[in-house]
Every structure is written in structure tokens, then in C-alpha cells.
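**Student:** sequence-free structure coming up:
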């Protein structure tokens, strides 16, 4: 029997959280392992529950969910983040993806679309609402406004540690031992680095470190 997908839901409206619990119930192959109503709750839930997928709102009382994404990934690298928001502005979408989110869904999506999105990002895919996906596709096709080059500011503290050790020639097993984390966690950090920087080789990561002075000091 397939294990359920462990999900945490973070939204400042109790009625929304109740709806999410109903949509993502055990009969559909999910298990709710945590919930909260703030950025602080998102970070704490990631650290304690380590969900497979964290469904996260953008607008919350103590700040933006965008601020929580790097911290969530820092504390639970294997957790994949699905933004669920009323906002469909392209900048919100791009900022979410740059911060490390694995999907972006509008709150007017159907229950079936939400379940499909959670399954998709749990399986390693990027999932976007159809309208959002069309906006992203159009933006990518507009070569007159290219995205800015990635910088070290996109990276969490742990990701910086990992990329430097990769640049120094250490293998994943050696990095795990040096940092006191599991090999799986190292692999999750490297996956995040590849996604944020668009670099998939050790040589490319080394060039990035050299270009931005990460190997000095």
C-alpha cells in the first residue's frame, strides 16, 4: 500500500484550512501533519513535522509567505512548497519560484486541481495553475525583458555551505559528513541549487562560486 503524502497547510483563515483538510483527506491519499496561520507557523511546522508538501498562502498577518520559503527549505530540505494564493500577478509567481517554491495555484482552483498539484510537486514536477502557466510562458517568450542573473543572495546559509564544498571537490557523502547532515539532505540542497541557479554540474557550480567570490575568506 502506498504511503500517504504528508501535507501541512498554512493559511491565516480558519475556514480555508478546514477546506484544505477536507480536500486533502486520507481517502485521497493524503495525511495532514501540521497547520498554521502565520509565517512563523510555517517555519516551525517545517522544522517539527517535515511534511512532504507544505501548502502556503502569501498574505499573512506577520508577513509574506514568500519570506518563509527559504526558511522552510532550510529547516526541511526535502519539503516541497506549493503556494496557494488569490494573487495571480506574474511577479508574485516568479518571486515564489525564485524563492524556492515548487508550485503556484490560485485559490479558485478546483479540489481536483489542488490534489493534482500536490501529487505533481511531490513527484518532482513544477505545478502551476493554467492561467499562471500561460503568463509564465508568455514572460519566458519575451526576450526583451530577460530575468536577472542569479546571485548568491538567492541562496540560504546551508545552500551556500553546500555549494562551496561542491566547488572544493567534495562528494555528497563527504559534504554530509562535514556538515553533520544526511546524504539525502545534501542531495535536496543540490537540487534546490540547480533549480535556483539553473546550474546542474559541479563545474558550473564551481564557476559560480569563483565569479561571486564565495571561495575566499
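**Tutor:** The structure has been received and is ready for your questions. Remember, it's a predicted structure, so these values are computed and weren't measured experimentally.

**Student:** where's the residue nearest the centre of the chain relative to residue 88, distance?
**Tutor:** The residue at the geometric middle of the chain, judged as the C-alpha nearest the mean C-alpha position with C-alpha atoms, centre = their mean, is residue 101 (3.1 Å). Residue 101 sits at a distance of 15 Å from residue 88 (criterion: C-beta to C-beta, to the nearest Å). C-beta here means a position set from N, CA and C on the backbone, and glycine is covered the same way.

**Student:** got it, and residue 128?
**Tutor:** In this structure, residue 128 lies at 11 Å from residue 88, with C-beta to C-beta as the measure.

**Student:** the residue nearest to the centre of the chain belongs to a strand?
**Tutor:** No - judged by DSSP: H, G, I helix; E, B strand; the rest coil, residue 101 forms no part of a strand; its state is coil.

**Student:** now it. Nearest residue, chain neighbours left out?
**Tutor:** Counting by C-beta to C-beta, 6 or more residues apart in numbering, residue 81 is the residue found nearest to residue 101 once chain neighbours are left out, at 4.6 Å.

**Student:** check contacts around the one you found.
**Tutor:** 53-54, 56, 69, 72-73, 100-103, 121 (C-beta atoms under 8 Å, 6 or more residues apart in numbering).

**Student:** hmm, try it at 10 Å
**Tutor:** The contact partners of residue 81, by C-beta atoms under 10 Å, 6 or more residues apart in numbering, come to 8, 10, 42, 46, 51, 53-56, 65, 68-70, 72-73, 96, 99-104, 121.

**Student:** what about those residues, which are in strands?
**Tutor:** When DSSP state E is applied, these are split such that 8, 10, 53-56, 103-104 fall in strands.

**Student:** got these as CSV, with pLDDT, neighbour count and distance to residue 213 columns?
**Tutor:** Shown next, in CSV, are the ones in strands among the contacts of residue 81 (pLDDT from 0 to 100; neighbours: other C-beta atoms under 10 Å; distance: C-beta to C-beta, whole Å):
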residue, pLDDT, neighbour count, distance to residue 213
8, 97, 27, 37
10, 97, 30, 36
53, 97, 25, 36
54, 97, 31, 33
55, 97, 28, 37
56, 96, 27, 33
103, 91, 24, 33
104, 92, 26, 33
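
**Student:** and which of those residues is nearest to residue 19?
**Tutor:** Checking these against residue 19 with C-beta to C-beta, the nearest one is residue 55 at 11.1 Å.

**Student:** re earlier: who has more neighbours, residue 128 and residue 88?
**Tutor:** Applying other C-beta atoms under 10 Å to residue 128 and residue 88 shows that residue 128 carries more neighbours, namely 21 against 15.

**Student:** now that one: how far from residue 149?
**Tutor:** Residue 128 sits at a distance of 23 Å from residue 149 (criterion: C-beta to C-beta).

**Student:** kindly state the domain boundaries assigned to the chain.
**Tutor:** Following automatic domain parsing, one gets these domains for the chain: 5-141, 152-211.

**Student:** check these for me and report the most buried one.
**Tutor:** domain 5-141 (a mean of 19; mean count of other C-beta atoms under 10 Å).

**Student:** scan the protein for its longest helix.
**Tutor:** The helix that spans the most residues within the chain, counting by DSSP state H, is helix 183-197.
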